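> Take this sequence and fold it.
(one chain, ligands or ions: 1)
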Amino acid sequence: MNIRPRRLRKSPIVREMVAETRLSKDMFVYPYFVVPGNNVTHAIDAMPGISHFSADTLVRDVEHSLKLGLNKVLLFGVGEEKSEDASTSYNSESVVSKAVRELKSAFGNDLFVITDVCTCAYTTHGHCGIMHDDYVNNDETVEVLAKMALSHAQAGADMVAPSDMMDGRIAGIRSLLDANNLLNTGIMSYSVKFASAYYGPFREAADSAPNKGDRKAYQMDFRNPGESLREAFLDEEEGADILMVKPALAYLDIIKSLKENTNLPVACYNVSGEYSMVKAAARAGWVDEQKVTMENMYAFTRAGANIIITYHAKEILEKGWMV
Ligand SMILES: NCc1[nH]cc(CCC(=O)O)c1CC(=O)O
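So this is what the prediction gives:
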């Protein structure tokens, strides 16, 4: 026997030398939930370790994140007045726009601010668009999304991230941004977003559960890898800068095939249900939290993700789990 793969597993040094996948904190994007008011830090039950922040406490928490080397955030607005037309979503005084202004005035270009663009937290029915006869009207929704993206961009967001899955929304957003001379505001598209039960805990965090029906008439069917490439290519043609796959853990095949088929950076969203399952199992003593978390992070990287959006990011860096 002259071939012995175990030679290269003999010691930590040799294992480090031949490791095929590297993970860096620069790959992480950390999500934050922003609520109205002052001095609010309210823990989200379904997502241990994650809280709602008002703009002032957000600035303090982000300052701490920045010290850890976490310099990219994804903002979700929660707790705004809801309506049929989601008009609070594009108000220049919206909770997200205010938070963007405060973060940018505190940290400038030391912080990269991405905003989630979707109406589900702003509509009375909790759907990701404008509804008529129990159906989300695509083109009317795209107009609202473009206005919402514009308001975030005008507040100073570096990048907007539409998470609604309407057809043509990347083109709609890009053209409104360009018409307003916001040529350098990027778009990270939730290109391949499946209708998934893994969003369960998030709906508590964002108070965005649909009060009737589900999201299957706009989010993708998880049986369809071919359609996932079709969706991603459309976004690429429409001007997306980054393509995202969501959820991540149950969709590693999709991440891998997208990476092999595009030259754009690929992001994955390690969603709330994936996060809370790890937390719950770790709390019960069934898995080693550090080891399972890092195994998941490497799985995303190995599949081809260049960017990982994860609720674990802060704890990974706080506790030095990278090493
Ligand atoms: N459309 C809004 C949105 N943006 C991100 C998530 C999920 C994030 C997570 O679960 O962590 C959702 C929920 C949904 O589509 O139902």
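
> Show me the strands in the stretch 1-150 of the chain, by range?
Using DSSP state E, counting those that start in this stretch, the strands of the stretch 1-150 of the chain run over 28-34, 41-43, 51-53, 72-77, 112-117, 130-132, 135-137.

> cool, the stretch 151-300 of the chain as well?
Secondary structure of the stretch 151-300 of the chain (DSSP E, counting those that start in this stretch): strands located at 159-162, 186-193, 242-246, 266-270.

> residue contacts, the residue nearest to residue 218 when sequence neighbours are not counted?
Sequence neighbours aside, residue 165 is the residue nearest to residue 218 in space, at 4.5 Å (criterion: C-beta to C-beta, 6 or more residues apart in numbering). C-betas here are computed from N, CA, C, even on glycine. Counting by C-beta atoms under 8 Å, 6 or more residues apart in numbering, residue 165 makes contact with 128, 190, 193, 215, 218-220.

> Now, of the residues you listed, which are buried?
Among those, the ones that count as buried by 16 or more other C-beta atoms under 10 Å are 128, 190, 193, 215, 218-220.

> For the ligand, state which of these is nearest.
The ligand lies nearest to residue 128 out of those, by C-beta to the nearest ligand atom, at 4.9 Å.

> so what's that closest one up against?
Residues in contact with residue 128, defined by C-beta under 8 Å, 6+ apart, are 118-120, 136, 141, 163-166, 215, 218.

> Show me those residues that map onto helices.
By the criterion of DSSP state H, membership of the contacts of residue 128 in helices covers residue 141.

> Reformat the contacts of residue 128 into a markdown table and put pLDDT and distance to the ligand next to each item.
Output for those, formatted as a markdown table (pLDDT from 0 to 100; distance: C-beta to the nearest ligand atom, whole Å):
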| residue | pLDDT | distance to the ligand |
| --- | --- | --- |
| 118 | 97 | 4 |
| 119 | 95 | 8 |
| 120 | 94 | 5 |
| 136 | 95 | 12 |
| 141 | 97 | 12 |
| 163 | 97 | 4 |
| 164 | 95 | 6 |
| 165 | 95 | 8 |
| 166 | 96 | 11 |
| 215 | 95 | 6 |
| 218 | 95 | 9 |
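
> Taking the contacts of residue 128 together, which two end up most distant?
The distance between the two most remote of the contacts of residue 128 (C-beta to C-beta) is 13.6 Å, for 136 and 163.

> circling back to that earlier point, the strands of the stretch 1-150 of the chain: which one's closest to residue 310?
For those, proximity to residue 310 was assessed by C-beta to C-beta; strand 28-34 is nearest, at 6.4 Å.

> okay, that closest one in PDB with CA atoms only?
C-alpha atoms of strand 28-34 as PDB (Å, rounded to 0.1, in the frame of the first residue of the first chain):
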ATOM      1  CA  PHE A  28     -20.100  37.500   7.100                       C
ATOM      2  CA  VAL A  29     -23.100  39.700   6.900                       C
ATOM      3  CA  TYR A  30     -25.000  40.100  10.200                       C
ATOM      4  CA  PRO A  31     -28.800  40.800  10.200                       C
ATOM      5  CA  TYR A  32     -30.300  43.300  12.600                       C
ATOM      6  CA  PHE A  33     -34.000  43.900  13.400                       C
ATOM      7  CA  VAL A  34     -34.800  47.600  13.900                       C
END
